[in-house]
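Novice: take a look and give me a structure for this.
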Amino acid sequence: MGALFGNLQGEFKRGMYPSFSRGQLTGFVILGLIVLVAIFFIQSYLSSWSQIRPGIIYPPEAEPVARFIEECMRQSSQRAIEEMGSTGGWVEIPAWIDTDITASLLLDQEGIRKIPYWHHNGESRIPTLSGMERSLATYVKNDLPDCIHNFTDLPNIKVRPLANLSTRAIIASDDVIIETLYPLEISIAEGRTVMIDSFQVAHQVRLKQLHDLGGRLMRFENDREFFENLTLDLLSANPEIPFTNLEFDCEQKEWTQDEIRSQIESTLTHNLQNIRVANTKFTPFSAPQGAYERLRIANEALEQELNDGLEDIGKSRSFPRDPPADAYEYFHSQIDVGQAPGDVRVAFQYHPLFGMYLRANPSSGGILRSQNVDGPARFIPFLCMNAYHFAYDIAYPIKVSLLDPTAFGGRGYIFSFAFPVQIASNKPTRDVMVRTFQEVPTREEFCTTLGDSFHEFRAVGIDADGFPSELADINMTYRCAGRRCLLGHTQAIDGRYALTTRIPSSCDNPTILATHGDYLPNETRIHDDITVLDLQHLKTLRASVQKRIYFADVGGEFRDMPESLGDEVAIINVRASGGLDEKLALPSNDSFIQLIDNTANYDVDIVLTRGEVIIGGYHTRNLTISADEIARAQSIMFNVIEYRPIPLTSDDRVRMMRFLQSEQYKEAVRPELG
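Specialist: As a prediction, the model looks like this:
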């Protein structure tokens, strides 16, 4: 190294590098320092510009306005994305679907919560990505003005819009991007102004991947009639569901259609949830893959032995020994739609509340009967036989839920869609000649074409001080045939709180929806002049959970003392009439839940998991919490059952679920208010 520096010094002395005077060198040093300082300030300035979102530069004076607008965009678009996830890709369900009761899976008796079918009457109704982008953009565009509210939340900043805002949504591979063009002039000190016009937010949610996977599943079902065939296999394997048989018995057999319906519903409820989709994240099978492949080979060899004349299957050299308990699921309940490997989860669900069409032939008055057949008189005239063959027409809906576990910063996102399974006379029936469905273009003029007369809307309920009164700042949304227009919010008018406005004119039976974060939403038909809505006040409680260990194999006893959760997760769902539907996962930091601030009955469902395994839960209907209890409460402690021994087989899981559904422990592990 010393030789190297020595050579360089020698070269310098010999004139290979230009020589400078001391004054010249000083000038270059000063110039270099100036450049460095300039670079430092430029980087700092650019850093301050890009604090909102990398890629969009805002001057420092505009940051409060930009942050405010983008926060409105973020909240509005997240609501739209979540609504889209709960309705199969629609932000607003089109009227031609919404008004057709047969075109959707109804999730409540009133038909308010629904999921449109992705396949209906032989027609594909999968929303296109471009249509979903338009729906998102339209929702955000219509919702932003109410959130921005003429910048009244920024009283110290003067903002002047230069043009109407417009929005665009992009459903990309890994996120959903919302872009808004809204030219603004912001007044700053000394009469100067700053102009900004572009805003952007992005949500980390793989909506495009979920939509693509849903489309693959739907096409797989339409092409192969997978769920129809699986349904027939499951029902024919249930000895309580009669299909075709000849029995040596003199007593005529009878079945009621209600009993058969109950058996079908139970079979579907417990088995459809076990369907797995290849290359998604699912509960592992109970044995290594090699065990199932050996079983496959053994079955093929056994079939060959039977073809070769084997009469006693017990003498088979190939008969499989100790097959895995979930072998049927491995061979019959897996779907491969060509999905790339990933961490998305897929769940298939049928619930009796979804409804079912069932018709059995022959039957009379809801009763199915076998036919008595006497034995051949020439040989065995005393022999009695019962023969029967029943053909079923069955139609029921399946709800498919696709979970992106990493969405929204790890909070997760569920995208659900539905489709009907149809069987006619014991045969699958689907139209495989699927026609591509095109959405009806949105009509933004619907909300701007107003009638001449004014309507007044009021909301009454318990105010923040605990007194019944008219309520301020209640958002009023006009709804008609699947369309929605935000009219405004209630405010002080001549000594009362109300919203007086004109409403869209092109609807015969509109409704008004009143919403506020501290109240349960309410919707009613619009009256001629004044419409008043009663709102139930909600109380926010801190939520926590503890487990009670139940020993099923030692007489069904609970351990005396509750325990904190370790590596378990409790997924909680609390519902009440009027639309309350609270969901949360515990334990987590700062968990809160809203309950009705009055006497109310609740349905509570809790699932306790450890890793991929369900190890317990809690279930109750009509849990009453009185007004006095809720008035004193500041927190709620949920109790959840850990079932011992841990259910590892399908039979164990069925026993556990039957116990949890029985509610015999309802009072012993009731949620505790504190």
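Novice: from now on I want contacts and neighbour counts done on CA atoms only, so please keep to that.
Specialist: Noted.
Novice: hey, which strand is longest across the protein?
Specialist: strand 536-551 (DSSP state E).
Novice: may I see the buried residues of that strand?
Specialist: By 16 or more other Cα atoms under 10 Å, the buried positions in strand 536-551 come out as 536-551.
Novice: got it, and stretch 498-514?
Specialist: Burial within stretch 498-514, assessed by neighbour count using 16+ other Cα under 10 Å, is assigned to 498, 499, 500, 502, 503, 504, 510, 511, 512, 513, 514.
Novice: quick one: secondary structure of the last one?
Specialist: Secondary structure for residue 514, judged by DSSP: H, G, I helix; E, B strand; the rest coil, is strand.
Novice: check contacts around it.
Specialist: 459, 474, 475, 476, 477, 521, 522, 523, 533, 535 (Cα atoms under 8 Å, 6 or more residues apart in numbering).
Novice: quick one: the helices in the stretch 251-400 of the chain, in order.
Specialist: In the stretch 251-400 of the chain, the helices defined using DSSP state H, counting those that start in this stretch lie at 257-271, 289-307, 327-332.
Novice: send me the second one as CSV with only the CA atoms.
Specialist: Once side chains and other backbone atoms are set aside, the C-alpha atoms of helix 289-307 remain, and they are given as CSV (Å, rounded to 0.1, in the frame of the first residue of the first chain):
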residue,chain,number,x,y,z
GLN,A,289,-49.2,-37.9,1.8
GLY,A,290,-47.5,-41.2,1.2
ALA,A,291,-50.1,-42.9,3.4
TYR,A,292,-52.8,-41.8,1.0
GLU,A,293,-50.9,-42.8,-2.1
ARG,A,294,-50.3,-46.3,-0.6
LEU,A,295,-54.0,-46.5,0.0
ARG,A,296,-54.7,-45.5,-3.6
ILE,A,297,-52.5,-48.3,-4.9
ALA,A,298,-54.1,-50.8,-2.5
ASN,A,299,-57.5,-49.9,-3.7
GLU,A,300,-56.5,-50.3,-7.3
ALA,A,301,-55.0,-53.7,-6.5
LEU,A,302,-58.2,-54.8,-4.6
GLU,A,303,-60.3,-53.8,-7.5
GLN,A,304,-58.2,-56.0,-9.7
GLU,A,305,-58.6,-58.9,-7.3
LEU,A,306,-62.3,-58.5,-7.4
ASN,A,307,-62.3,-58.4,-11.2
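Novice: I'd like to know which elements it is packed against.
Specialist: For helix 289-307, there is no helix or strand it packs on, judged by 3 or more Cα pairs under 8 Å, 6 or more residues apart in numbering; DSSP states H and E.
Novice: what comes into contact with that helix?
Specialist: 316, 317, 318, 319, 320, 323, 324, 327, 330.
Novice: picking that back up, please identify the most buried of the helices of the stretch 251-400 of the chain.
Specialist: helix 257-271 (a mean of 17; mean count of other Cα atoms under 10 Å).
Novice: what sits up against that helix?
Specialist: 231, 234-235, 238, 240-241, 349-352, 358-360, 366-368.
Novice: in which helix or strand would I find the residue nearest the centre of the chain?
Specialist: By Cα atoms, centre = their mean, the mean C-alpha position of the chain lies nearest to residue 414, the distance being 3.2 Å. Element membership for residue 414, per DSSP states H and E: strand 413-424.
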